[in-house]
Structure formats: structure tokens, C-alpha cells
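K.L.:
The following block contains a protein sequence and its predicted model.
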Amino acid sequence: SEQRGNSPNIARSEDGDRIAIAWQEHDGSKWGLQVRTSADFGATWAEPEPLPAVGSAVNPRIASSADGSVIAAVWQELDADRYRVKISTSADSGATWTAPAYLSNTSEDARDPRLSMSADASRLTAVWHSVDNFNWRVRASSSADFGASWSLPSTLAESDNPPNPELTGSTDGTWAAVLWRGFASAADESKAFVSVTDDGGVSWRAPADLSGDGAQVFPCIASSSDGGTVVATWVGSDYLAHLRVSDDSAATWRTVVAFSEPGLLATAPKITVSADGLRLAAAWHSYDGSNYHVKVRTSADGGTTWDSPKTVSQYESRNDHPEIVDSRNGTQLAAAWRWRDSDGDKRVQVATTSLTPADTTRPEVTGTPDRLAVDGWYSGPVTVSWTAVDDNDGQLAPPPDTVLDQEGADQTATSEQVCDAAGNCAT
């Protein structure tokens with residue numbers, strides 16, 4: 001079978017119009033990397049371009065500047081008898097790429113890199129895990145000069161098993177959080193741990209256990225623009241996708257909740273968060289006993305309530321390892337995943353959707369008296385009639401007239417409450 005379209009990863013501009021997708025594919029002799037871009041929210045796509053890997057390269061991850069003009073890619077590339085993490089950048093929306101640079105040391109076998117970028121592309125943070133004599137480490141490095149130079153890799157944690165770190169960062173690039181799978185030595189079961197930097201990767205907080213009881217795998221993490229809202233996801237020992245939300249930059253966390261469908265095995269959950277932290281979108285693949293399907297679920301209130309899961313994969317057989325991103329206002333979503341048909345051939349597929357923004361605007365209620373005051377004075381009762389207009393619902397039913405039955409000046413009237421279809425009310 002063909003070995004195309006593995007390990008897709010997706011990035012987008014702030015407005016959601018520019019999308020970049022990277023993946024790995026085999027040319028018959030070695031693994032290489034491809035990237036493809038769209039400037040119109042996925043309506044049309046440029047031809048695939050190769051990323052500048054030399055040796056066999058896998059696991060690409062990409063990040064984009066706010067306007068989509070700068071894209072950076074990291075991956076693991078075979079160098080002699082071990083993998084090393086490399087990075088390359090594009091300053092023309094993925095048309096051309098710089099010669100790759102190494103981030104990991106020659107002494108470590110480095111794998112599964114992840115990348116975050118500030119809105120202006122000046123600050124970047126990369127994480128990966130490395131192994132040396134069966135000792136796994138979570139490693140991190142950062143750049144404050146558009147990727148021209150990088151800090152020496154630091155170790156955030158050590159583990160007896162692959163930690164599979166995931167990364168998110170603020171738009172100014174100073175705050176970042178890493179989530180990974182660690183192990184509690186007493187119970188010998190995996191946990192979800194998080195560590196945070198507030199200074200662009202110069203220092204990192206001590207790891208905190210987010211997951212509580214039960215084994216945890218497939219960690220993922222995302223945040224709002226300022227890092228104030230953070231959402232971590234993983235698959236628990238019950239084979240459901242779980243999430244936990246922080247409203248204070250990962251200092252404290254809400255209760256763990258499951259968001260995938262009971263009775264279906266959930267794998268590889270991914271999460272994206274809007275700039276203000278209110279809109280969340282989660283993607284995962286589930287198994288119904290016959291086929292694997294990619295599911296998406298959204299929340300418009302910071303994860304308090306969720307809509308019903310939607311199946312976005314079109315074909316039967318195996319759809320797995322989804323990625324999901326949003327526009328910064330959370331109203332445009334793009335998901336990518338790997339589809340493997342019944343013959344085993346693999347392809348990368350993409351779906352996009354536009355969501356209606358939440359209506360939080362109150363109607364405008366205007367009162368009109370039945371006549372003008374004489375020299376500012378009403379000498380008898382005045383009837384005030386009302387109109388009510390809403391930005392989304394248009395003209396609303398007006399409240400009843402109000403009668404001011406006292407003569408005088410500078411009188412005020414208040415209408416009865418008027419509400420739009422979304423429940424926003426005004427007088």
C-alpha cells in the first residue's frame with residue numbers, strides 16, 4: 001500500500017484565512033516532509049512543497065505568525081544512529097524555507113518536537129522528548145530573535161517511558177505551558193503533568209499533576225491569547241477523552257470532566273481555544289467496533305457547556321490522529337486527519353466550518369414622547385411610546401407605552417424589559 005499522508009499538523013493565521021498543513025510521506029526510500037498552504041480558508045490550496053529535510057524525517061509540527069506570513073516547522077530527522085530535532089522557517093507564507101538548524105544535541109536521541117510562536121514571530125519555544133539509555137527527558141529550548149539563535153536545551157522532567165510532550169504559548173511569546181505523560185512511581189501508572197514558563201523559557205515551574213486517578217495517555221494543551229485560559233486534554237483509563245480548564249494561567253484548575261461519547265473508545269484528543277478563552281473546540285477519533293471516525297465538539301462558554309459531538313470524517317474505514325485549529329475569534333475551525341482506506345492507502349483530509357458568533361449584544365430601546373415640552377415643561381400627562389431594535393434580530397416587539405401623569409420638567413421614563421432571541425435584555 002502507499003505510505004502517504006501520515007502525521008498531519010495544521011496551523012492558521014489569526015483571521016483563519018491562511019492555513020498551513022504539514023505531513024510526512026514515504027518516497028520509496030525514506031520519509032520526507034511536505035507542506036501545503038491555503039490563503040482562502042481552505043477553498044483552494046497551493047501545490048505541496050517539500051520541507052528542507054536531508055535525511056529521513058518524520059513528525060513535522062508547524063506554527064504561524066498572526067498574519068500567516070511567517071511559518072516555522074520543526075521535525076525529527078535521522079542523523080547517523082539517532083534522531084535530532086531540526087527547525088526551518090518561511091517568511092513568505094510557506095513558499096520558500098530557510099536551511100534547517102539543529103535544536104537538539106548530538107548526544108541525545110530527540111523525538112516528537114512541538115512548537116509555539118508569538119504573534120509577531122519574534123519569540124519561539126520548542127519542546128521534545130529525548131532518550132538516553134532508556135532514560136526519557138522532556139526538553140525545551142527558546143528563541144527571542146525570530147529563531148536566529150536558541151537557548152541551550154533544558155530538562156523539564158525525566159521519565160521511564162516516552163512523555164509525548166505538547167505545547168501552547170501566549171501571543172506575546174513570554175508565557176508557555178507544556179503538558180506531558182509522566183509516571184507515578186508508587187502506582188506505576190501514567191499521569192498528565194504540566195509545567196509553565198512566564199519569562200519566555202528562561203525558567204519553568206515545577207511540574208504539577210493534573211490528571212488525578214487512573215492512567216492517562218495522548219496529552220494535549222491549548223490556551224487563550226494571553227495564556228489566562230488554559231485547557232488540557234488526555235485519554236483516561238476509562239478510554240474517554242477528558243479535559244481540565246484553568247482560568248489563571250495554569251495556577252489552579254477546575255474539576256476534570258469527560259467530553260467524548262460514553263461507550264466509544266476515544267483516542268488522540270486535540271483542543272483549540274479562541275483568543276478570549278470563551279470558545280473551545282475539541283477533536284478526537286473514536287472507534288465504534290467497525291470504523292474509526294473523527295469527532296468534533298465545541299463550547300461557547302469556556303468549557304462549561306458543550307454542543308453534541310459531530311462526525312467530520314466523510315469516509316468509512318480508519319480516520320485517525322486529528323488536528324484542529326481556530327481563528328482567533330473562534331468562529332472558524334479547520335480540522336485535518338489521516339484517512340486510511342480499506343486497502344491501507346493513507347491520505348490527509350481537511351474539513352473547515354464557520355460558526356455563528358455568540359450573540360451578547362443587548363437590544364436598543366428608544367422612547368419618544370407624544371409631544372415636545374414647552375420651555376422644558378410638561379403641563380399635563382405625557383405618553384412615551386417605545387421602539388426596540390436588535391443587531392441580529394432586527395425590529396423587536398415594542399414594550400407598552402409609558403404614561404407620565406405629573407406635570408414638570410426633566411422627567412424620565414423607563415420601559416418594560418425587552419429581550420432578543422439570545423436572551424439579551426434591555427430597558
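P.N.:
Thanks, I have the structure now.
K.L.:
Look up phi and psi at residue 138.
P.N.:
Per-residue torsions, residue 138: phi -90, psi 120 (degrees, to the nearest 10).
K.L.:
likewise residue 225?
P.N.:
According to degrees, to the nearest 10, residue 225 has phi -60, psi -40.
K.L.:
I'd say residue 222 and residue 245 touch.
P.N.:
No - using CB atoms under 8 Å, residue 222 is not in contact with residue 245, being 10.5 Å away. In short, each C-beta sits where N, CA and C put it, glycine included.
K.L.:
Give the residues shared as contacts by the two.
P.N.:
230, 231 (CB atoms under 8 Å, 6 or more residues apart in numbering).
K.L.:
Neighbour count for the two, which is higher?
P.N.:
A direct count of neighbours by other CB atoms under 10 Å for residue 222 and residue 245 places residue 222 higher, at 28 against 21.
K.L.:
Helix or strand: which one has the more buried one?
P.N.:
Secondary structure from DSSP states H and E places residue 222 in strand 217-223.
K.L.:
Just give me the residue right at the centre of the protein.
P.N.:
By CA atoms, centre = their mean, the mean C-alpha position of the chain lies nearest to residue 272, the distance being 2.0 Å.
K.L.:
residues in contact with the residue of the chain most remote from its centre?
P.N.:
Distance from the centre of the chain peaks at residue 379, with 63.1 Å (CA atoms, centre = their mean). Listed by CB under 8 Å, 6+ apart, the contact set of residue 379 reads residue 407.
K.L.:
Residue 406 versus that one, what's the distance?
P.N.:
11 Å (CB to CB, to the nearest Å).
K.L.:
Give me the local confidence score for the residue farthest from the centre of the chain.
P.N.:
We have a pLDDT of 86 for residue 379.
K.L.:
where does it fall, phi/psi-wise?
P.N.:
phi -90, psi 0.
K.L.:
same question, residue 321
P.N.:
phi 50, psi 60.
K.L.:
thinking it is in contact with residue 292, fair?
P.N.:
No - the criterion here is CB under 8 Å, and residue 321 misses it with residue 292 at 9.7 Å.
K.L.:
which residues do these two both contact?
P.N.:
Common neighbours of residue 321 and residue 292 (CB under 8 Å, 6+ apart) are residue 285.
K.L.:
returning to what we had before: elements contacting the helix or strand hosting the residue nearest to the centre of the chain?
P.N.:
Using DSSP H and E, residue 272 maps to strand 265-273. In terms of contacts (3 or more CB pairs under 8 Å, 6 or more residues apart in numbering; DSSP states H and E), strand 265-273 is packed against strand 217-223, strand 230-235, strand 241-246, strand 280-287, strand 318-326.
K.L.:
Poorly predicted segments of the stretch 1-150 of the chain, please.
P.N.:
1-5 (pLDDT under 70).
K.L.:
got the residue ranges for the strands in it?
P.N.:
6-12, 19-26, 31-38, 49-50, 57-64, 71-79, 82-90, 101-102, 109-117, 124-132, 135-143 (DSSP state E, counting those that start in this stretch).
K.L.:
So in that sheet, which strands flank the last one, and in what orientation?
P.N.:
So that's strand 135-143. Using DSSP bridges, strand 135-143 pairs in its sheet with strand 124-132 (antiparallel), strand 154-159 (antiparallel).
K.L.:
My read is that residue 10 contacts residue 326, right?
P.N.:
No - contact criterion CB under 8 Å: residue 10 and residue 326 do not qualify, at 10.6 Å.
K.L.:
so what sits against both of the two?
P.N.:
With CB under 8 Å, 6+ apart as the test, residue 10 and residue 326 both reach residue 334.
K.L.:
ok, and the closest non-adjacent residue to residue 361?
P.N.:
Nearest residue to residue 361, sequence neighbours excluded (CB to CB, 6 or more residues apart in numbering): residue 391, at 5.1 Å.
K.L.:
still on that earlier bit, Throw the strands of the stretch 1-150 of the chain into a markdown table and include distance to residue 426 and mean neighbour count, thanks.
P.N.:
What follows is the strands of the stretch 1-150 of the chain, written out as a markdown table (distance: least, CB to CB, whole Å; neighbours: other CB atoms under 10 Å):
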| stretch | distance to residue 426 | mean neighbour count |
| --- | --- | --- |
| strand 6-12 | 36 | 23 |
| strand 19-26 | 39 | 24 |
| strand 31-38 | 41 | 21 |
| strand 49-50 | 53 | 15 |
| strand 57-64 | 40 | 24 |
| strand 71-79 | 45 | 24 |
| strand 82-90 | 49 | 23 |
| strand 101-102 | 57 | 14 |
| strand 109-117 | 41 | 24 |
| strand 124-132 | 45 | 25 |
| strand 135-143 | 48 | 21 |
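K.L.:
Could you export those strands as TSV, including distance to residue 354?
P.N.:
Listed next are the strands of the stretch 1-150 of the chain as TSV, based on distance: least, CB to CB, whole Å:
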stretch	distance to residue 354
strand 6-12	13
strand 19-26	13
strand 31-38	15
strand 49-50	27
strand 57-64	19
strand 71-79	23
strand 82-90	27
strand 101-102	38
strand 109-117	25
strand 124-132	30
strand 135-143	34
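K.L.:
Would you tell me which of these gets closest to residue 340?
P.N.:
Smallest distance to residue 340 across the strands of the stretch 1-150 of the chain (CB to CB): 9.4 Å, for strand 6-12.
K.L.:
wait, doesn't residue 419 sit right on residue 363?
P.N.:
Yes - if you go by CB under 8 Å, residue 419 and residue 363 touch, sitting 7.4 Å apart.
K.L.:
since we're on residue 360, how many residues are nearby?
P.N.:
10.
K.L.:
Backbone dihedrals for it, please?
P.N.:
Taking degrees, to the nearest 10 as the convention, residue 360 sits at phi -120, psi 10.
K.L.:
swap in the one 5 residues further on?
P.N.:
In terms of degrees, to the nearest 10, the main-chain angles of residue 365 are phi -110, psi 130.
K.L.:
what about it, neighbour count?
P.N.:
21.
K.L.:
Residue 18 now?
P.N.:
23.
K.L.:
Now for it: which residues touch it?
P.N.:
Counted by CB under 8 Å, 6+ apart, residue 18 has contacts 12, 37, 38, 39, 64, 67, 68, 93.
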